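Engineer: Would you be able to build a 3D model of this:
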Amino acid sequence: MKEITPGKLMGTWCLLMVSLPLAIFWIRPDFIGGRTTAAVLKLSVVLAAVSAGGVAFTYGLARKWSLPTRRYEEFIAALPAREVELPEGGPPELQSLSRAMKGMAERVRHVVEQTNLESLRRETILACMAEGVLAVDKELKVIFCNDAFAHAFGTRTPVPEGRTLYEIVREPVLRDILEQVLTTGTAERDRLQLPSAAGRWFEVRALPLGGLPRRGAVVVLHDVTDIQRQERVRKDFVANVSHELRTPLSAIRGYAETLLDGALEDPEHNRKFVEIILSHATRLNNIASDLLVLSELDSNETALMPPERIPVLEIIDSAIHTVESSAATRGVRLQKTDCHDCWVMGHRFRLEQVMINLLDNAVKFNRSDGDVTIECAATDGEVRISVTDTGIGIPSDELDRIFDRFYRVDKSRSRPAGGTGLGLPIVKEVIGRMGGEVSVESQLARGSRFTIRLRSA
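Structural biologist: The predicted model follows:
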C-alpha cells in the first residue's frame, strides 16, 4: 500500500471543498420536495465523482512529483562514480535543491579524489621502502603489508587485507610486541633476531594506529644484519689483534729483560736471544703491514685509482722472484707449468700482493723437498690462476674459515713460520674487488690448491 503523504491529503481536501457547495446546491431541492430516493441517488453520484476526481488528482500530483524524486535518488546513488542529470524545471524549491545537490556532488568528488590520491601516494611510498611495514587491526588482522615485509618472511605478494598475523609471520616475539602496543597504546622498540626471516637481525619499532575503541598497530622492521655482523667482526678483530700482538710483545720484553739482567755478557746465548727478539719484531712488522693493507682495502682507497690491463705472467714472475730465496732456504721448488699469456683488469700491485701471499703460504707450509706449481690460462673469457703445493694440507672442516681474519689452521706451525693469519683474507678481499673469486681444494698431508678466477681483459 502506497504511503499517504501530506500532498495527497491536501489534494483530497481541496476537491472536497470545491465539490461540497455544488453538491448541496444540486441535492437541496430534492430534500425540500421530499424526494428522498432522488436525493440519495444524487448524493451517491456526487460521492463517486468526488472520489474519482480525488483519485485522478492524487495520481496526477504523485506522478508529477515522483519523477524528480527518482532522479534525485539515482543522482545520490551514482555518487561519486558517475553523474546523473537533474531536472532543471519545476518549482523553485526543487530548482534550489538541484543546485545544492550538484554543489554537494562536486565537493564529494573532490574529497574522494584527494583521498584516493593520498592513499595511492602512501601505498607507493610504503611499497618502495626497504624497511618492512605491517599494519594490523585490534584483532591482529592485516590492514597493510608492503613487499619488503612479505619478502623478509617468504610470504607471497600482494598480501590481501584481512589475513591473520600468523598467516604472514610466525614469530611469537613479534606478536607479543604488537599485543603490547594494542594494550598500552605506547610505542615499543627492540632489536631482534627472527628465525623465520633466515635468522636475520631487525631493528623493530611498533606504534599504535588510531585510537580506542578501534586501535590498531603498525610495526616497521629495519634490517640491521650487516650492522650486527660488522659489530661482531669489529669485536672479534679487536680481540684477535690484541691476542696476536701480545705474544711477540711478551717475547720481546722477556728476552730483552733477560739480556739486561746479565745474559748480554753470555756469549753462548746472547746471540740466540737477539735472534728471537728480531724474529718477533719481524712478526710484529708483518702484522702491522697486513693490517695497513686491510685498512686501505676497507677504506676503498684503490677504488679512486683507475684499473689497468695487467699481464698475468709478469705478475707471476715477479712474485716468484720475491719468494724464491725463502723457498730455496726451505728446499722447496717453484715451477711454472702450462702458463700462457693472459691479461686481466685491476691494480697491478694488489694482484702481485695476492700472488706473493699465495706463494709465501705454499712455501711456508710445505715439506722439505716439496714443490709449488703455478698455472695460468684464459678460457671462455675467464683467466684461471692456480697455486698448488705438496704441503701439510687443510682439514675439510676448516676450509670455510681459512679466509677469516687471523684464523690459522695449524697455529703451532704458523707462528714459527711467521704467519699472521691475514694473508688469505687479503687475497679474498683483493680478488673480490677485482670482480673475481678464489677457491681452495685440499687434502691432509697431500697439499692444497688455490684457484683464482678473474674476467679476461
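
Engineer: Distance from the helix or strand where Arg99 lies to the middle of the chain?
Structural biologist: Take DSSP states H and E as the rule and Arg99 turns out to sit in helix 92-128. Put simply, helix 92-128 sits 35 Å off its chain's centre (CA atoms, centre = their mean, to the nearest Å).

Engineer: so what strands line up beside the helix or strand following it?
Structural biologist: Of the helices and strands lying after helix 92-128 in sequence (DSSP H and E), the nearest is strand 132-136. The sheet places strand 132-136 alongside strand 142-145 (antiparallel), strand 216-223 (antiparallel), with pairing taken from DSSP bridges.

Engineer: What residues of the shortest one count as buried?
Structural biologist: Same thing as strand 142-145. For strand 142-145, a neighbour-count test (16 or more other CB atoms under 10 Å) marks Val142, Phe144, Cys145 as buried. The way it works is simple: take the backbone N, C-alpha and C, and place the C-beta from them, glycine included.

Engineer: and the first one, how far is that from Asp176?
Structural biologist: This means Val142. 17 Å (CB to CB, to the nearest Å).

Engineer: With the second one instead?
Structural biologist: Phe144 is 21 Å from Asp176, where distance means CB to CB.

Engineer: cool, the last one as well?
Structural biologist: For Cys145, the distance to Asp176 (CB to CB) stands at 19 Å.

Engineer: Let me see the contact set for Thr420.
Structural biologist: Glu244, Arg283, Asn286, Ile287, Asp290, Phe406 (CB atoms under 8 Å, 6 or more residues apart in numbering).

Engineer: Over to the last one. Which of the three states is it?
Structural biologist: Here Phe406 takes the coil state, with states given by DSSP: H, G, I helix; E, B strand; the rest coil.

Engineer: now it: how far from Asp236?
Structural biologist: In terms of CB to CB, Phe406 sits 8 Å off from Asp236.

Engineer: Of the two, give the one with the bigger neighbour count.
Structural biologist: Phe406 (17 against 13; other CB atoms under 10 Å).

Engineer: OK, contacts around the more buried one?
Structural biologist: Phe237, Asn240, Val241, His243, Glu244, Thr420, Gly421, Leu422.

Engineer: What of Leu334?
Structural biologist: Contacts of Leu334 by CB under 8 Å, 6+ apart are Ile320, Val323, Glu324, Ala327, Leu359, Val363, Val372, Ile374.

Engineer: Can you tell me who the last one pairs with across the strands?
Structural biologist: In this case it means Ile374. Assigned bridge partners for Ile374, using DSSP bridges, are Lys336, Val387.

Engineer: now stretch 381-391: how far from the chain's centre is it?
Structural biologist: 38 Å.

Engineer: Kindly report the same for stretch 389-402.
Structural biologist: Its chain's C-alpha centre and that of stretch 389-402 lie 37 Å apart, by CA atoms, centre = their mean.

Engineer: Just the terminal-to-terminal distance for it.
Structural biologist: 16 Å (CA to CA, to the nearest Å).

Engineer: got it, and stretch 145-155?
Structural biologist: Rule used - CA to CA; the end-to-end distance of stretch 145-155 is 10 Å.

Engineer: Give the buried residues for it.
Structural biologist: Cys145, Asn146, Asp147, Ala148, Phe149, Ala150, Ala152, Phe153, Thr155.

Engineer: Stretch 316-328 too?
Structural biologist: For stretch 316-328, by 16+ other CB under 10 Å, it's Ile316, Ala319, Ile320, Val323, Ala327.

Engineer: go on, stretch 238-248?
Structural biologist: Asn240, Glu244, Pro248.

Engineer: Send over that stretch as PDB, restricted to the C-alpha atoms.
Structural biologist: The C-alpha trace of stretch 238-248 is given here as PDB (Å, rounded to 0.1, in the frame of the first residue of the first chain):
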ATOM      1  CA  VAL A 238      90.000  -6.200  18.300                       C
ATOM      2  CA  ALA A 239      90.200  -9.300  20.400                       C
ATOM      3  CA  ASN A 240      92.300 -11.100  17.700                       C
ATOM      4  CA  VAL A 241      94.700  -8.200  17.200                       C
ATOM      5  CA  SER A 242      95.200  -7.900  21.000                       C
ATOM      6  CA  HIS A 243      95.900 -11.600  21.200                       C
ATOM      7  CA  GLU A 244      98.300 -11.600  18.200                       C
ATOM      8  CA  LEU A 245     100.300  -8.600  19.400                       C
ATOM      9  CA  ARG A 246     100.500  -9.900  23.000                       C
ATOM     10  CA  THR A 247     102.600 -13.000  22.100                       C
ATOM     11  CA  PRO A 248     105.500 -11.300  20.200                       C
END
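
Engineer: Mind listing residues that contact that stretch?
Structural biologist: His280, Ala281, Arg283, Leu284, Ile287, Leu291, Arg405, Phe406, Arg415, Thr420, Gly421.

Engineer: cutoff 7 Å now
Structural biologist: His280, Arg283, Leu284, Ile287, Arg405, Phe406 (CB atoms under 7 Å, 6 or more residues apart in numbering).
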